[in-house]
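Peer 1: give me the fold of what follows.
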Amino acid sequence: MAIDLERVDLKPTPDPPKNMKRGIGIVGAGFITRDCHIPAYQQAGFHVHAITSRTIERAREVATARGVRRVYQSIEEMLDDESIEIVDVAVPPGEQPGVIERIAAHRRRVRGILAQKPLAMSYREARRIVDTCARAGIALQVNQNMRYDQSIRALKTLLDLGVLGEPVLATIELRAIPHWMPWARDGRSLSSFVMSIHHIDTFRYWLGDPIRVLASARPDPRTRFDHLDGINLYIFEFIDGSRASAWDDVWAGPAREGAGADLSVRWRFEGTRGAALGTIGWPKWPEHAPSTIDFTSIDDTSPGVWRRPRWNEAWFPEAFAGTMGGLLHAIENETEPDISGADNLGTIAACEAVLEAAQSHRVIDMPEFREYLNGESNRI
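Peer 2: Got it, this is the predicted structure:
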């Protein structure tokens, strides 16, 4: 049946929660808090009530710059404030498990925690965090905010409507030069758990969990500290026969060394009844660059036409309000968060698989690999 796709509401931004006044306390006062989290929350109308940080002077600077009323000396002092219902944990992944355990152990239980990606730098540590929050009765949401990029979310809507048919092939091609934070120097993984994780999670959002993973990785020539997985190439195979592939090229040519630059993030999705193309504006940050989607379907009332809806939102910073909004919706409706810690274990497992496949030069069988990660088998 033909559909007038010009009239289809792709709803890149979900409805706001009914209660916008739940108190949010933030742990961490780095760039991502100052320039992404707080601006996005304030723009959405969420109530950022307090902030604390290991460096209290930095917390005061961010609070002054962003109009946050209260600065606390410690996590425990902030948790004693009964107006704080949600804690946004915005610290490096090596510190995050300990921070979440302190929150869960506090005498007063908060309603929810928004944790950053990666939830942890290993599957087993991530599972421990998930179990800790479950025992404490705290809703755990993971800030895999690329799911709330408008183009990524719009494609998910098209998939749910069925207008692209059965999935055939999804690809993401990143050519960008990230700024590696100091904490990334000491991790067991660079790109897989820090950069590729966005695309790995997006493929799961679109297509579900892969059944097999192939990968190849090499160091990035520009990055001076030791690492294994700088440039990442990987393929996911799914039970329905579809495939997904990403080229995460953090070298992107000698653009910093004097050559011309060609930086972008582009994605493509092909189905049996339609196709979609998209761009992610992140490489232009701090310029506000909205992401885009173009799509076509043989079920359109105007076949052969490419639809090109456009919105003003960009991944940075607007998508950060999406993940917090998803947590607030879950608490309001007493449901599982849309990017729950339990679900995110699938993303962490896939990151582990990419890393293992690249290092061992073999195909990873995901059901068998998950058994190994869960301690149910010695085979990988």
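Peer 1: show me where the stretch 251-380 of the chain dips below the pLDDT cut-off.
Peer 2: 379-380 (pLDDT under 70).
Peer 1: so which residues of it form strands?
Peer 2: 264-271, 274-280, 292-297, 364-365 (DSSP state E, counting those that start in this stretch).
Peer 1: looking at the ones you listed, which is closest to residue 229?
Peer 2: strand 364-365 (14.3 Å; Cβ to Cβ). Where C-beta positions appear, they are placed from N, C-alpha and C, glycine not excepted.
Peer 1: hmm, who's touching the closest one?
Peer 2: 211-215, 353, 356-357, 380 (Cβ atoms under 8 Å, 6 or more residues apart in numbering).
Peer 1: can you do 10 Å?
Peer 2: The contact list for strand 364-365 (Cβ atoms under 10 Å, 6 or more residues apart in numbering) reads 210-215, 349-350, 352-358, 371-372, 379-380.
Peer 1: wait, residue 47 sits on residue 17?
Peer 2: No. Here residue 47 does not reach residue 17: they are 11.2 Å apart, not a contact under Cβ atoms under 10 Å.
Peer 1: who's more crowded, the two?
Peer 2: Legend: neighbour count by other Cβ atoms under 10 Å for residue 47 and residue 17, higher for residue 17 (21 against 16).
Peer 1: for the stretch 201-350 of the chain, which segments are assigned as helices?
Peer 2: Assigned by DSSP state H, counting those that start in this stretch, the stretch 201-350 of the chain shows helices spanning 319-333, 341-360.
Peer 1: next up, the contacts around residue 58.
Peer 2: Residue 58 neighbours (Cβ under 10 Å, 6+ apart): 28-30, 33-34, 51.
Peer 1: name the SS class of it, please.
Peer 2: helix (DSSP: H, G, I helix; E, B strand; the rest coil).
Peer 1: distance of it relative to residue 89?
Peer 2: Distance from residue 58 to residue 89, counting by Cβ to Cβ, to the nearest Å: 16 Å.
Peer 1: for residue 128, same thing?
Peer 2: Remark: distance between residue 128 and residue 89 (Cβ to Cβ) = 15 Å.
Peer 1: with residue 213 instead?
Peer 2: Residue 213 is 29 Å from residue 89, by Cβ to Cβ.
Peer 1: go on, residue 41?
Peer 2: With Cβ to Cβ as the criterion, residue 41 and residue 89 are 14 Å apart.
Peer 1: and residue 30, how far from residue 186?
Peer 2: Where residue 186 is concerned, residue 30 sits at a distance of 16 Å (Cβ to Cβ).
Peer 1: who has more neighbours, those two?
Peer 2: residue 30 (18 against 11).
Peer 1: next up, phi/psi of that one, please.
Peer 2: phi -90, psi -170 (degrees, to the nearest 10).
Peer 1: tell me the contacts of it?
Peer 2: Contacts of residue 30 (Cβ under 10 Å, 6+ apart): 36-37, 53, 55, 58, 62, 90-92, 181, 183.
Peer 1: buried ones in stretch 109-123?
Peer 2: Residues 110-123 are the ones in stretch 109-123 that count as buried (16 or more other Cβ atoms under 10 Å).
Peer 1: and of these, the nearest to residue 271?
Peer 2: For the buried residues of stretch 109-123, the nearest to residue 271 is residue 117 (27.5 Å; Cβ to Cβ).
Peer 1: please, which helix or strand holds the closest one?
Peer 2: Following DSSP states H and E, there is no helix or strand that holds residue 117.
Peer 1: closest one to residue 291 out of the buried residues of stretch 109-123, please.
Peer 2: So of these, ranked by how close each gets to residue 291 (Cβ to Cβ), first place is residue 117, at 18.2 Å.
Peer 1: next up, the contacts around that closest one.
Peer 2: Here residue 117 is in contact with 93, 96, 142-146, 193-194, 197-198, 201, 323, 339, 344, 347-348, 351 (Cβ under 10 Å, 6+ apart).
Peer 1: try it again with 8 Å
Peer 2: So residue 117 contacts 142-145, 197-198, 201, 344, 347 (Cβ under 8 Å, 6+ apart).
Peer 1: most neighbours among those, which one is it?
Peer 2: residue 142 (31 neighbours).
Peer 1: isn't it right up against residue 345?
Peer 2: No. Contact criterion Cβ atoms under 8 Å: residue 142 and residue 345 do not qualify, at 9.5 Å.
Peer 1: what is in contact with those two at once?
Peer 2: residue 119.
Peer 1: ok, residue 342 to residue 349 distance?
Peer 2: Going from residue 342 to residue 349 by Cβ to Cβ gives 12 Å.
Peer 1: higher neighbour count, these two?
Peer 2: residue 349 (25 against 15).
Peer 1: now do residue 170 against residue 236, distance only.
Peer 2: When residue 170 is compared with residue 236 (using Cβ to Cβ), they lie 9 Å apart.
Peer 1: which neighbours do the two share?
Peer 2: 203, 207, 243-245.
Peer 1: so which of these is surrounded by the most neighbours?
Peer 2: When neighbours are counted by other Cβ under 10 Å, residue 203 leads those with 25 neighbours.
Peer 1: tell me if I'm right that that one and residue 244 touch.
Peer 2: Yes. Using Cβ under 8 Å, residue 203 makes contact with residue 244 at a distance of 4.3 Å.
Peer 1: can you pull the residues that touch both of these two?
Peer 2: 170, 172, 210, 236.
Peer 1: okay if I get those residues as CSV plus distance to residue 105 and neighbour count?
Peer 2: As requested, the shared contacts of residue 203 and residue 244 are exported to CSV (distance: Cβ to Cβ, whole Å; neighbours: other Cβ atoms under 10 Å):
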residue, distance to residue 105, neighbour count
170, 41, 25
172, 39, 24
210, 36, 25
236, 37, 27
